[in-house]
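**Q** task: produce atomic coordinates for the following.
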Amino acid sequence: MTEGNFTDYVKIYAASGKGGAGSMHLHREKFVPKGGPDGGDGGRGGHIILRGNKHLWTLIHFKFQQHFRAEHGEAGGANRSFGADGKDITLEVPLGTIVKDAETEEVLFEITEDGQEIIALRGGKGGLGNWHFRTATNQTPRYAQPGLPGEERELLLELKVLADVGFVGFPNAGKSTLLSVITSAKPKIGDYPFTTLKPNLGIVQNRDYQSFVVADIPGIIEGAAEGKGLGHYFLRHIERNSVLLFLIPADSKDIIEEYHILLNELKEYNPELLDKDRLIAISKADMLDDELTEAIRQEVAAGLGDTPFLFISSVAGKGIQQLKELTQIGRASCRERV
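**A** Numbering: from 1, shown residues only. Below is the predicted model of the structure:
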């Protein structure tokens with residue numbers, strides 16, 4: 001289960017290495033009484049680098065180690081020999097990770113591509129050896145430059161799930177059950193609200209060897225845009241999805257009203273979310289007979305306009321293949337626009 005080991009928010013302490021000191025050395029050799037300065041430069045300190053890894057989907061590995069210090073650069077030596085550079089520390093993060101300054105919460109950068117590397121903290125520059133300071137009037141400088149200090153700061157790593165399709169709905173709408181039916185994921189399922197507290201990911205295998213990633217987002221309640229019910233933690237995972245699948249139970253009091261409440265919460269949080277393709281799935285349709293299904297169909301069609309919708313039942317398997325096809329089409333249209 002992804003419920004227990006999914007981590008999307010961690011704070012780490014990182015420090016790059018300081019630069020090595022330049023060497024203050026005077027050349028000594030047989031039959032060369034005044035060899036002059038030959039002190040080499042110090043090596044640079046190690047960087048703290050973040051690299052995107054498409055095989056990671058959680059930040060849980062940062063729960064076990066939260067302090068990272070890169071090596072310092074080594075001092076320069078005689079005969080103008082350079083000091084060794086400090087060893088860099090490369091931290092691998094899942095795609096969709098946003099890096100912020102923990103103190104100011106300023107967004108520094110984000111990792112969105114596999115193999116993308118960004119230096120979060122630069123190592124200090126190595127100091128210059130006394131060879132650089134020789135002049136006609138000062139032929140034996142007895143000083144060298146110290147290395148520059150490295151950087152240190154606390155970083156916030158925040159993961160926004162990258163998925164093709166995101167499930168949106170109130171708690172206990174059947175999102176986790178649907179995920180367990182159309183993918184091999186094994187989310188926690190229960191007959192009570194907020195069974196899902198962290199996003200679950202799964203891969204849907206469709207016809208012609210096509211596949212796409214779906215994300216089961218925890219349930220949203222009215223007022224989520226203001227932070228109710230951990231709304232801010234849940235809503236941010238919707239921002240990276242190409243298609244939004246709204247799940248509304250067939251036994252809800254007013255399907256149209258529930259849809260508009262969910263839509264309004266997305267609008268309040270980020271108006272750009274309304275530009276995404278939307279599909280409505282009326283879940284738990286196995287509880288309806290043909291007559292009631294047709295009555296709800298006419299009511300929903302009149303209230304939703306052009307928004308596509310369909311009836312599904314995860315338990316009975318009703319409409320599941322049609323849902324896959326519609327979702328695949330919506331995802332393809334998003335890619336064409338891009």
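**Q** pretty sure Gly35 contacts His25?
**A** No - taking C-beta atoms under 8 Å as the definition, Gly35 is not a contact partner of His25, at 9.6 Å. C-betas here are computed from N, CA, C, even on glycine.
**Q** hey, what's in contact with both of these two?
**A** Residues within reach of Gly35 and of His25 at once, by C-beta atoms under 8 Å, 6 or more residues apart in numbering: there are none.
**Q** higher neighbour count, those two?
**A** His25 (22 against 12; other C-beta atoms under 10 Å).
**Q** now that one: how far from Ile238?
**A** Distance from His25 to Ile238, counting by C-beta to C-beta, to the nearest Å: 61 Å.
**Q** with His47 instead?
**A** 34 Å.
**Q** do the same with Asn172
**A** On the measure of C-beta to C-beta, Asn172 and Ile238 end up 18 Å apart.
**Q** which of these two has more residues huddled nearby?
**A** Neighbour totals were compared for Asn172 and Ile238, and Ile238 leads with 24 against 17 (other C-beta under 10 Å).
**Q** a strand runs through Leu108, doesn't it?
**A** Yes - Leu108: assigned to a strand according to DSSP: H, G, I helix; E, B strand; the rest coil.
**Q** wait, it touches Ile119, no?
**A** No - contact criterion C-beta under 8 Å: Leu108 and Ile119 do not qualify, at 10.6 Å.
**Q** do a quick rundown of the helices in this structure.
**A** 175-182, 231-235, 255-269, 290-304, 320-337 (DSSP state H).
**Q** which of those helices sits closest to Phe64?
**A** helix 231-235 (21.7 Å; C-beta to C-beta).
**Q** average pLDDT for that closest one?
**A** Taken as a whole, helix 231-235 has an average pLDDT of 63.
**Q** same question, stretch 178-186
**A** For stretch 178-186, mean pLDDT rounds to 76.
**Q** ok, now stretch 271-281?
**A** 84.
**Q** hmm, who's touching it?
**A** 178, 238-239, 241-248, 259, 263, 266-267, 300, 304, 307-312, 319, 323, 326-327, 330-331, 333-334.
**Q** go again with 7 Å.
**A** Contacts of stretch 271-281 from elsewhere in the structure, counted by C-beta atoms under 7 Å, 6 or more residues apart in numbering, are 238-239, 241-248, 259, 266-267, 304, 307-310, 312, 323, 326-327, 330, 333-334.
**Q** just the buried residues of it, please?
**A** Residues of stretch 271-281 classed as buried: Leu273, Lys276, Asp277, Arg278, Leu279, Ile280, Ala281 (neighbour count, 16 or more other C-beta atoms under 10 Å).
**Q** how long is it end to end?
**A** Taking C-alpha to C-alpha, to the nearest Å, stretch 271-281 runs 22 Å from one end to the other.
**Q** thinking again about what came up before, filter the contacts of stretch 271-281 to the buried ones?
**A** 238-239, 241-248, 259, 266, 304, 309, 312, 323, 326-327, 330, 334.
**Q** nearest residue to Phe311 other than its sequence neighbours?
**A** Ala285 (3.9 Å; C-beta to C-beta, 6 or more residues apart in numbering).
**Q** ok, that neighbour to Gln116 distance?
**A** 43 Å.
**Q** with Ile89 instead?
**A** Taken as C-beta to C-beta, the span from Ile89 to Gln116 is 17 Å.
**Q** looking at those two, which is more packed in?
**A** Set Ile89 next to Gln116 and count neighbours by other C-beta under 10 Å: Ile89 wins out with 21 against 15.
**Q** which residues of the protein fall in strands?
**A** 9-15, 48-53, 67-69, 89-94, 97-101, 107-111, 117-121, 152-159, 165-168, 200-205, 211-216, 243-249, 277-283, 309-311 (DSSP state E).
**Q** the longest one pairs with which strands?
**A** In other words, strand 152-159. Its sheet considered, strand 152-159 pairs with strand 9-15 (antiparallel), strand 97-101 (antiparallel) by DSSP bridges.
**Q** and these, which is most packed in?
**A** Most buried of those, by mean neighbour count (mean count of other C-beta atoms under 10 Å): strand 97-101, with a mean of 18.
**Q** who's in contact with Ala14?
**A** Ile48, Phe68, Ala120, Leu121, Glu152, Arg153, Leu155.
**Q** domain assignment for the chain?
**A** 9-159, 165-337 (automatic domain parsing).
**Q** for these, which has the smallest mean pLDDT value?
**A** domain 165-337 - the lowest mean pLDDT of the domains of the chain, at a mean of 75.
**Q** that one: how far from the chain's middle?
**A** 22 Å (C-alpha atoms, centre = their mean, to the nearest Å).
**Q** do stretch 164-180 as well
**A** For stretch 164-180, the distance to the chain centre is 21 Å (C-alpha atoms, centre = their mean).
**Q** circling back: could I get the contacts of Ala14 in JSON lines, plus columns for neighbour count and distance to Gly17?
**A** Below are the contacts of Ala14 laid out as JSON lines (neighbours: other C-beta atoms under 10 Å; distance: C-beta to C-beta, whole Å):
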{"residue": "Ile48", "neighbour count": "27", "distance to Gly17": "9"}
{"residue": "Phe68", "neighbour count": "18", "distance to Gly17": "11"}
{"residue": "Ala120", "neighbour count": "20", "distance to Gly17": "13"}
{"residue": "Leu121", "neighbour count": "22", "distance to Gly17": "9"}
{"residue": "Glu152", "neighbour count": "12", "distance to Gly17": "10"}
{"residue": "Arg153", "neighbour count": "17", "distance to Gly17": "14"}
{"residue": "Leu155", "neighbour count": "24", "distance to Gly17": "17"}
